[in-house]
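Participant: just coords:
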């Protein structure tokens, strides 16, 4: 008995009854096969063809479409390509071999198949039906499209140094070949994800995607995208549920935009270079019946690998540019800073030599002033060279410490005495609060270097103002503080001042190499301590040097 209630013409039914073994053969066929009578009504089919359609074949014949007498115009609805192929065979008996057509399955999914039909005839030669064969080549065509997409995306990625525009072009390409929506997030300097592009296939949806652009995943949140970034593993979601949308949304406004976009399936892939995560790539489908497969996920991962390389290359390129700019600026500043004491020293020596050559020996007082000036310029040169050498040692990890027990209270008083004349010239008075001994296990010369640097900064930025130095015991650490009454440091600048080549703005911007505080903090950390600052603009700055107790 046929699986359908409505029988075909007796001739076709008898033909099938005589060839019962064909039905068993249909069940063994690896391709989709179905048999129709002369009117196009299905008589038999196998499970493969039903899987292609997504269910049993409909119980309608071609005469229901107005083409019972043939396939000329006048049918009540437009036939699909595969239906025209079957109608042609039933009309004139000509076979159709491997005609590539697209069908829309019952669930709305579109599939690409190779369609073949051949007529069934009775002994008298009349057409009593047809056999149709369908081979689903959808995965092959999807693979071809994915390969073409990957090839074109690669071309876009390598042809321009404008990486942001390139990634936008790749996202637009993805919406034409792989997704209805494509989103690319990249990691910013703050360590958070920033949404670079959110592209839509249909222009009418782009305004909604622009809303989504404002809501990148929050690193550390429970959203699926955040987990993909945190774990570094791709995610394939064949069905996006309302719960998933709620977990993804960062605000009611964001949720409304997502719901209006109607996402059905997605692939989210981390952008990684080794263990370093640089962003996130998200492909989204909204077309009914479509979903992503593991094969497409592999292509998405390969694209993510190439996109990650571009993002990382762009980061390194920016850092290289910044390093070159910093180097050029540093060379210019270093040249200026080294030339200033050298010029002053040269002038003093030239004046002394001219006086000797002409026999006009300077008075003792004048000679003393010249020697004092020369000594100061020499000390300044020595300090500049020492900073440069320290940077080199820090960069190569060769900073060595000679540790000993040092009374920080005594060290502070000795540094103040040494700077007594310089402090007087700057108009700065000092207040030292270091009555009780505080012993630390440190390199004495290095700690002196830090204190002298902090004292020099206080004189530079707060001339004519008092400077307070104090030494005390903290929780497990010795604390040495230097407080000035200068203009203070903004919150934004408080972290930056400890970086290499960073200098104050204004009149002091060309008065140093921008290395003093960088070297001082590195010395503190080399001891297992720390150098910090507390400051409010307009109320001075307070530096704290924490060192291990002896």
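Facilitator: Arrived safely. Only a predicted model underlies this, so the values are computations on that prediction, with no experimental measurement involved.
Participant: Read off the pLDDT value for residue 247.
Facilitator: pLDDT recorded at residue 247 is 90.
Participant: roughly how far apart are the residue nearest to it when sequence neighbours are not counted and residue 258?
Facilitator: Residue nearest to residue 247 in three dimensions, not counting chain neighbours: residue 223, with 5.2 Å by C-beta to C-beta, 6 or more residues apart in numbering. Where you see a C-beta, it was placed from the backbone N, CA and C, and this is true even at glycine. Distance of residue 223 to residue 258, computed by C-beta to C-beta, to the nearest Å: 11 Å.
Participant: ok, back up a step: what about the residue nearest to residue 247, neighbour count?
Facilitator: Using other C-beta atoms under 10 Å, the number of residues around residue 223 comes to 17.
Participant: Wait, it touches residue 248, no?
Facilitator: Yes - if you go by C-beta atoms under 8 Å, residue 223 and residue 248 touch, sitting 4.8 Å apart.
Participant: Now the common contact residues for these two.
Facilitator: Common neighbours of residue 223 and residue 248, counting by C-beta atoms under 8 Å, 6 or more residues apart in numbering, are residue 217.
Participant: Show me what residue 431 bridges to in the sheet.
Facilitator: residue 468 (DSSP bridges).
Participant: what residues are up against it?
Facilitator: 466-469.
Participant: Please apply the same query to residue 200.
Facilitator: 175, 180-181, 206, 208-209, 261.
Participant: Tell me how far it lies from residue 211.
Facilitator: From residue 200 to residue 211 the distance is 11 Å (C-beta to C-beta).
Participant: from what I can see residue 459 touches residue 426, true?
Facilitator: Yes - counting by C-beta under 8 Å, residue 426 is a contact partner of residue 459 at 4.1 Å.
Participant: And the protein, split by domain according to the record?
Facilitator: The chain resolves into domains spanning 10-136, 141-314, 320-394, 399-548 when parsed by automatic domain parsing.
Participant: Show me what the host helix or strand of residue 324 is packed up against.
Facilitator: Per DSSP states H and E, residue 324 falls inside helix 294-357. If you count contacts as 3 or more C-beta pairs under 8 Å, 6 or more residues apart in numbering; DSSP states H and E, helix 294-357 packs onto helix 138-158, helix 163-177, strand 265-273, strand 276-285, helix 364-396.
Participant: mean confidence for stretch 382-392?
Facilitator: Rounded to a whole number, the mean pLDDT of stretch 382-392 is 67.
Participant: Pretty sure residue 315 sits against residue 279.
Facilitator: No - applying C-beta under 8 Å as the test, residue 315 and residue 279 come out as separate, 10.4 Å apart.
Participant: ok, those two, which is more surrounded?
Facilitator: residue 279 (26 against 17).
Participant: in the sheet, who's paired with the more buried one?
Facilitator: Counting by DSSP bridges, the residues bridging with residue 279 are residue 186, residue 271.
Participant: again, but for the one 4 residues further on
Facilitator: Beta bridges link residue 283 to residue 182, residue 267 when assigned by DSSP bridges.
Participant: which residues touch it?
Facilitator: Applying C-beta under 8 Å, 6+ apart, the residues near residue 283 are 174, 178-179, 181-182, 266-268, 292, 300.
Participant: Residue 118 is in contact with residue 131, isn't it?
Facilitator: Yes - when contacts are counted by C-beta under 8 Å, residue 118 is listed as touching residue 131 (5.4 Å).
Participant: Comparing those two, which residue is more hemmed in?
Facilitator: For residue 118 versus residue 131, neighbours defined as other C-beta under 10 Å are more numerous around residue 131 (18 against 15).
Participant: Surely that one and residue 96 touch.
Facilitator: No - in this structure, residue 131 is not within contact of residue 96 by C-beta under 8 Å, at 11.0 Å.
Participant: any idea how far the residue lying closest to residue 188 once chain neighbours are set aside is from residue 277?
Facilitator: When the adjacent residues along the chain are set aside, residue 188 lies closest to residue 194, with 4.6 Å between them (C-beta to C-beta, 6+ apart). From residue 194 across to residue 277, the span is 13 Å (C-beta to C-beta).
Participant: For the two, list the residues in contact with both.
Facilitator: In contact with both residue 194 and residue 277: residue 187, using C-beta under 8 Å, 6+ apart.
Participant: the more surrounded of these two?
Facilitator: residue 277 (20 against 12).
Participant: Tell me if I'm right that that one and residue 233 touch.
Facilitator: No - with contact defined as C-beta under 8 Å, residue 277 does not count as touching residue 233 (11.0 Å).
Participant: Mind listing the shared neighbours of these two?
Facilitator: residue 270.
Participant: quick one: buried residues of stretch 116-136?
Facilitator: Residues of stretch 116-136 classed as buried: 116-117, 119-120, 127-136 (neighbour count, 16 or more other C-beta atoms under 10 Å).
Participant: can you list contacts of that stretch?
Facilitator: Contacts of stretch 116-136 (C-beta under 8 Å, 6+ apart): 8-9, 11-12, 15, 31-38, 43, 49, 52, 82, 85-86, 88-90, 93-99, 111-115.
Participant: Equivalent analysis for stretch 295-305, please.
Facilitator: 139, 142-143, 146-147, 149-150, 153, 170, 178, 234, 236, 267, 269-272, 281, 283.
Participant: can you pull the pLDDT of residue 548?
Facilitator: 92.
Participant: residues in contact with it?
Facilitator: Applying C-beta under 8 Å, 6+ apart, the residues near residue 548 are 440-442, 476-478, 527-529.
Participant: residue furthest from the geometric center of the protein?
Facilitator: residue 359 (73.5 Å; C-alpha atoms, centre = their mean).
Participant: Please name the bridge partners of residue 135.
Facilitator: Beta-bridge partners, per DSSP bridges, of residue 135: residue 114.
Participant: what's the answer for residue 33, then?
Facilitator: According to DSSP bridges, beta-bridge pairing links residue 33 with residue 133.
Participant: In which helix or strand does residue 543 reside?
Facilitator: Per DSSP H and E: residue 543 is located in strand 541-548.
Participant: If you rank the contacts of residue 283 by neighbours, which is first?
Facilitator: Highest count within these by other C-beta under 10 Å belongs to residue 179, 28 neighbours.
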